[in-house]
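S.K.: got a sequence here, can you model it:
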Amino acid sequence: MQNDPQTPAGRSVLVTGGNRGIGLAIAKAFLEAGDRVAITYRSGDVPEGMLGVKADVTDMASVDAAFTEVEATHGPVEVLVANAGITRDTLLLRMSEDDFTDVVDTNLTGAFRVVKRASKGMLKLRRGRVVLISSVVGLYGSPGQVNYAASKAGLIGIARSLTRELGSRNITANVVAPGFIDTDMTQALPEDTRKSYLSSIPAGRFADPEEVAGVVRWIAGPEAGYISGAVIPVDGGLGMGH
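M.R.: Take a look at the predicted model:
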């Protein structure tokens, strides 16, 4: 087994959109492992023990400034989790071009911006872990989410192209694709809607955000150093490998 020069803890980690929901659970998982954790956010509070940097992933200058601040405090980013995302759900014939391009600009082009900026430091270090947070919808599809599904499917192309470009430098790029997660959003759904969703999930339940976070932390760790370009579903069997 080839030794991985990374240490399992104490790395500089950046999670975009890391102060709520799945992003917050991911950030906490790395913090608990002893890593130096920074998050980007647009509004709200910064969790204790983390470096919070306001950033807009649709603006390259904002992304660059955020990375510069993180690097000054924690050193070059060794683990990047691209999690920031938005939805603008509506059926195709009602979807405006702005509905489509705004979602793609945040979810897909935003990931491109942070990956490009992070890769500079990773190349100098000759190591790095990139984890892109997609969705079961990216491969499974969902009515009313043409924009969101397109943006989340595109992350797979980024990860696999990045693997071919940077894989020889001990940099991996993987995709984690959550299904239905038990967050404020799913808890607010009407009871009939929740039952309908649950009936389609073989596991018969929604996931806890921490179950996604555990997979992200593992795929970014030394045990997963030979995995790259993979899509890992955390969906209770909903997507079945789509």
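S.K.: every contact and neighbour count from this point should use C-alpha atoms.
M.R.: Will do.
S.K.: mind naming the longest strand for the protein?
M.R.: Looking across the chain with DSSP state E, the single longest strand is strand 171-178.
S.K.: for it, packing partners?
M.R.: The contact analysis (3 or more Cα pairs under 8 Å, 6 or more residues apart in numbering; DSSP states H and E) places strand 171-178 against strand 128-133, helix 146-166, helix 209-219, strand 231-234.
S.K.: now do the helices in this structure.
M.R.: Using DSSP state H, the helices assigned to the chain run over residues 21-32, 60-74, 97-104, 110-125, 137-140, 146-166, 184-187, 191-199, 209-219.
S.K.: which other residues reach the first one?
M.R.: Applying Cα atoms under 8 Å, 6 or more residues apart in numbering, the contact partners of helix 21-32 are 13, 15-18, 36-39, 49-50, 83-84, 183-184, 209-210, 212-214, 216-217.
S.K.: what does the last one give?
M.R.: With contacts defined as Cα under 8 Å, 6+ apart, helix 209-219 is touched by 21-22, 25-27, 29-30, 131, 174, 176, 178, 181-183, 224-225, 227, 234.
S.K.: which one of the helices of the chain has the lowest average pLDDT?
M.R.: Of all the helices of the chain, helix 184-187 carries the lowest average pLDDT, namely a mean of 75.
S.K.: could you say what helices and strands that one packs with?
M.R.: Taking 3+ Cα pairs under 8 Å, 6+ apart as contact, there are no helices or strands that helix 184-187 lies on.
S.K.: run a quick neighbour tally on Leu198.
M.R.: Residues lying near Leu198 (other Cα atoms under 10 Å) number 16.
S.K.: my bad, should have said Leu162
M.R.: As a burial measure, Leu162 scores 21 neighbours (other Cα under 10 Å).
S.K.: give me the neighbour count for the closest residue to Thr90 other than its chain neighbours.
M.R.: Leaving aside its chain neighbours, Thr90 sits nearest to Gly144 (4.4 Å; criterion: Cα to Cα, 6 or more residues apart in numbering). Counted with other Cα under 10 Å, residues neighbouring Gly144 total 16.
S.K.: right, and Gly144 touches Asp89 too?
M.R.: Yes. Assessed by Cα atoms under 8 Å, Gly144 is found in contact with Asp89 at 5.3 Å.
S.K.: Ile39 reaches Val15, doesn't it?
M.R.: Yes. With contact defined as Cα under 8 Å, Ile39 and Val15 form a contacting pair (4.8 Å).
S.K.: the helices and strands packed on strand 171-178 into JSON lines, with extra columns for distance to Ala111?
M.R.: Output for the helices and strands packed on strand 171-178, formatted as JSON lines (distance: least, Cα to Cα, whole Å):
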{"stretch": "strand 128-133", "distance to Ala111": "8"}
{"stretch": "helix 146-166", "distance to Ala111": "8"}
{"stretch": "helix 209-219", "distance to Ala111": "16"}
{"stretch": "strand 231-234", "distance to Ala111": "16"}
